[in-house]
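quick one, fold the following:
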Amino acid sequence: MRKVLVLHGPNLNLLGEREPDVYGRFTLEEINKDLEERAGKLGLELKIAQSNHEGELVEAIQNARSWADVILINPAAYTHTSVAIRDAIAAVKVPVIEVHLSNTAGREGFRHTSYISPVAVGVIQGFGKQSYLLALEAAVTLGLGR
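The predicted model follows:
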């Protein structure tokens, strides 16, 4: 069974109440439930984590090197600032798909640069919570992982 780590970055725990015009009215729990349901249909095992702390995300990525076939990550604001997360992804050699709820290219200028994209196999963004489900499908259809 293919194993997938899903990482949610800072402030995603506030989905549903945080800027609903940008991120939607759904909660992180709803996203996770949808992911679990889709993973079951695809024969995937998921481990899901959320953290507001950069170091915790780095540790989760590092720990995934021994068991995960694929990592789906929404680094949120760390997308544009974290060399540490970028370096952890490059170090573990586990395929990573970068996920965003909003279309970062259509937002503020500082959101146009991603430190994660150059070390990810792909980026899915702008489709709300569907972005995560599309990333999960991509992980399977592209044959990513060990």
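
would you tell me which helix is longest in the chain?
In the chain, assigned by DSSP state H, the helix with the most residues is helix 28-42.

check which residues of it are buried.
28, 31-32, 34-35, 38-39, 42 (16 or more other Cβ atoms under 10 Å). For every residue, glycine as well, the C-beta is placed using N, CA and C.

now these as CSV including distance to I73 and pLDDT?
Listed next are the buried residues of helix 28-42 as CSV, based on distance: Cβ to Cβ, whole Å; pLDDT from 0 to 100:
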residue, distance to I73, pLDDT
L28, 14, 95
I31, 13, 96
N32, 14, 98
D34, 17, 97
L35, 13, 98
R38, 17, 97
A39, 16, 97
L42, 18, 94
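
out of those, which two sit at the greatest distance?
By the measure Cβ to Cβ, L28 and L42 form the most distant pair in those, at 20.6 Å.

hang on, isn't D69 packed against R2?
Yes - using Cβ atoms under 8 Å, D69 is in contact with R2, at 4.8 Å.

let's verify K47: helix, strand, or coil?
Recorded secondary structure, K47: strand (DSSP: H, G, I helix; E, B strand; the rest coil).

check contacts around it.
3-6, 68 (Cβ atoms under 8 Å, 6 or more residues apart in numbering).

name the member of the residues you listed with the most neighbours.
Highest neighbour count within these, by other Cβ atoms under 10 Å: V4, with 27 neighbours.

please name the bridge partners of it.
When assigned by DSSP bridges, V4 has beta-bridge partners L46, V70.

quick one, what contacts it?
With Cβ under 8 Å, 6+ apart, V4 has these contacts: 39, 44-47, 68-72, 136, 139.

just the closest of those residues to N11, please.
Among those, and counting by Cβ to Cβ, the member closest to N11 is L72, at 17.5 Å.

the closest one sits in which helix or strand?
strand 70-74 (DSSP states H and E).

mind checking how far I89 is from Q125?
I89 is 17 Å from Q125, where distance means Cβ to Cβ, to the nearest Å.

so the two - more neighbours on which side?
Neighbour count, other Cβ under 10 Å: between I89 and Q125, I89 has more, with 26 against 21.
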